[in-house]
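**Q** The following comprises the amino acid sequence and a computationally predicted model.
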Amino acid sequence: MTRNTTTTHAGAGGRRRHPQRRVRRRTRPLDSFASLKRELAVIIVLSSAIAFAMCWFLLKYGWSGWIAMPLTLVVALGITYWFSRGLTTPLRQMRDASEAMAEGDYSVRVEVDPGRADEIGQLARAFNQMAGELEHADQMRRDMVANVSHELRTPVSALQAMVENMADGVTDPTPANLESILDQTQHLGDLIAFLLDLSRMEAGAASLQIERFDLAEFLDDTVEPLELADGGHAHDIRLDVPREVTLEGDRDRLRQLFTNVIANALKHSPDGTAVLIEAHEDEARGTIVTNVVNFGSQIAPEDRSAIFRRFVQGKHGPGTESGGTGLGLSIARWAAQLHGGTVRVVDDERGADFEITLPKHHVSGQ
């Protein structure tokens with residue numbers, strides 16, 4: 001399980017991350033108005049009043065109307081232009097920021113007065129939020145390229161080396177060597193499955209084949225291949241699941257959910273330690289709660305939500321494995337949400353505790 005501090009990895013070979021850059025603006029006299037219509041009304045009334053007073057003054061002191069009227073019009077236009085700059089400046093800045101973003105610089109922001117409450121102020125803040133989300137999405141894209149490239153390169157390089165050695169007669173195709181090739185092939189298959197799951201997540205939904213099944217038998221079947229894959233790590237997987245508790249859902253999607261959470265606990269548990277899987281039925285809420293407890297380790301509260309984000313990998317303590325795509329827990333949360341359930345980290349003195357809550361009966365439309 002991911003522990004304490006989480007880090008994300010920048011994409012290898014990607015664009016250099018720009019420091020966040022803001023387009024600055026000055027506060028204008030009309031920024032305190034809460035409505036653009038009110039600001040325009042004030043500008044019109046103010047310029048009209050000044051133009052009327054100036055025209056009356058010039059005519060009173062004998063100026064010709066052919067001179068007073070054009071002069072008054074120029075002054076009124078100047079006043080209108082000066083006051084309207086505060087309205088249009090953020091729009092020009094957003095135009096410049098959009099051009100910078102089109103060139104790949106997602107760090108640009110429009111600096112807007114926090115006290116500005118009109119529609120343009122709201123638009124500027126929404127623009128900054130959108131720019132932040134685009135910057136995050138671009139970083140995630142580069143992270144994905146880096147993670148997938150790394151994960152593909154390792155098994156492919158190992159396969160190439162083993163096959164070349166066999167082709168050159170350096171090594172013999174013994175059962176042990178063939179098993180190593182099979183392991184690397186399985187690694188590639190798992191990565192492809194992760195990427196397919198990611199595409200389903202991006203699509204926002206997946207078809208579910210709902211059936212009712214026994215929870216204890218389901219978890220037994222789920223844990224068995226994980227125990228075999230655990231190899232020489234000597235982890236003790238303990239099941240404390242009541243018999244005759246049934247659950248409705250899609251077996252394949254729920255297997256993804258439990259496999260990813262349990263495998264995560266095994267992966268980040270020191271050799272020779274135990275992982276507890278316990279379940280109980282909450283009759284009052286109509287749910288089944290399963291806890292996967294990794295004894296001895298903990299996850300800091302401020303990191304508990306971040307570890308479910310895509311491509312986020314944690315720092316690993318001594319005696320635990322590292323690496324991975326950073327997709328497992330994100331896919332687990334997606335599978336839980338498809339069933340109207342949740343997966344989260346809860347406080348537990350025994351260690352890091354991943355709590356999976358699923359409705360006992362599937363509700364159509366979830």
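**A** Looks like it came in fine.

**Q** C-alpha only now, for contacts and for neighbours.
**A** OK.

**Q** SS state for the residue in the chain sticking out farthest from the centre?
**A** Largest separation from the mean C-alpha position in the chain: Gly62, at 71.7 Å (Cα atoms, centre = their mean). At Gly62 the chain is in coil, as set by DSSP: H, G, I helix; E, B strand; the rest coil.

**Q** What helix or strand is the closest residue to Arg238 other than its chain neighbours located in?
**A** Take Arg238 and drop its neighbours on the chain: the residue closest to it by Cα to Cα, 6 or more residues apart in numbering is Leu276, 4.8 Å away. Using DSSP states H and E, Leu276 falls within strand 274-282.

**Q** what does Val293 give?
**A** Val293 belongs to strand 287-295, assigned by DSSP H and E.

**Q** Contacts made by that strand with the rest, please.
**A** Here strand 287-295 makes contact (Cα atoms under 8 Å, 6 or more residues apart in numbering) with 1, 247, 261-262, 265-266, 269, 273-282, 350-361.

**Q** between it and strand 274-282, what angle do the directions make?
**A** 160 degrees (axes from the mean of the first three to the mean of the last three Cα atoms, to 10 degrees).

**Q** Give me the number of neighbouring residues for the residue nearest to Arg238.
**A** Leu276: 18 surrounding residues under other Cα atoms under 10 Å.

**Q** cool, the one 4 residues further on as well?
**A** With neighbours defined by other Cα under 10 Å, the count for His280 comes to 15.

**Q** cool, Ile79 as well?
**A** Using other Cα under 10 Å as the criterion, Ile79 is surrounded by 18 other residues.

**Q** other SSEs contacting the strand holding Leu276?
**A** Packing contacts for strand 274-282, counted by 3 or more Cα pairs under 8 Å, 6 or more residues apart in numbering; DSSP states H and E, involve strand 236-240, strand 287-295.

**Q** got a markdown table for the ones you listed, with distance to Asp168 and mean pLDDT too?
**A** Shown next, in a markdown table, are these (distance: least, Cα to Cα, whole Å; pLDDT from 0 to 100):
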| stretch | distance to Asp168 | mean pLDDT |
| --- | --- | --- |
| strand 236-240 | 42 | 90 |
| strand 287-295 | 45 | 92 |
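
**Q** residues of stretch 224-240 that come out buried?
**A** The neighbour-count criterion (16 or more other Cα atoms under 10 Å) identifies Glu227, Asp230, His233, His235, Ile237, Leu239 as the buried residues of stretch 224-240.

**Q** His187 against Pro155, yeah?
**A** Yes - taking contacts as Cα atoms under 8 Å, His187 lies within contact range of Pro155: 6.9 Å.

**Q** between the helices and strands packed on strand 274-282, which gets nearest to Phe52?
**A** Ranking the helices and strands packed on strand 274-282 by their distance to Phe52 (criterion: Cα to Cα) puts strand 287-295 first, at 74.1 Å.

**Q** Distance from the chain centre to the helix or strand where Gln184 lies, please.
**A** Element membership of Gln184 [criterion: DSSP H and E] is helix 175-203. Chain-centre distance of helix 175-203: 23 Å, with Cα atoms, centre = their mean, to the nearest Å.

**Q** Now do it, average pLDDT.
**A** pLDDT averaged over helix 175-203 equals 76, rounded to a whole number.

**Q** Now that we're looking at the residue farthest from the centre of the chain, what pLDDT does it have?
**A** Looking at Gly62, its pLDDT stands at 74.

**Q** Quick check on it: phi, psi?
**A** phi 90, psi 10 (degrees, to the nearest 10).

**Q** just how off-centre is the biggest helix by length in the chain within its chain?
**A** The longest helix of the chain (DSSP state H) is helix 119-167. Helix 119-167 has its C-alpha centroid displaced from the chain centroid by 12 Å (Cα atoms, centre = their mean).

**Q** Please apply the same query to stretch 92-107.
**A** With Cα atoms, centre = their mean as the basis, the mean position of stretch 92-107 lies at 23 Å from the chain mean.

**Q** what does stretch 90-104 give?
**A** 24 Å.

**Q** Can you report phi and psi for Leu358?
**A** Backbone torsions of Leu358, given as degrees, to the nearest 10, read phi -130, psi 140.

**Q** And it, how far from Leu58?
**A** With distances taken as Cα to Cα, to the nearest Å, Leu358 is found 81 Å from Leu58.
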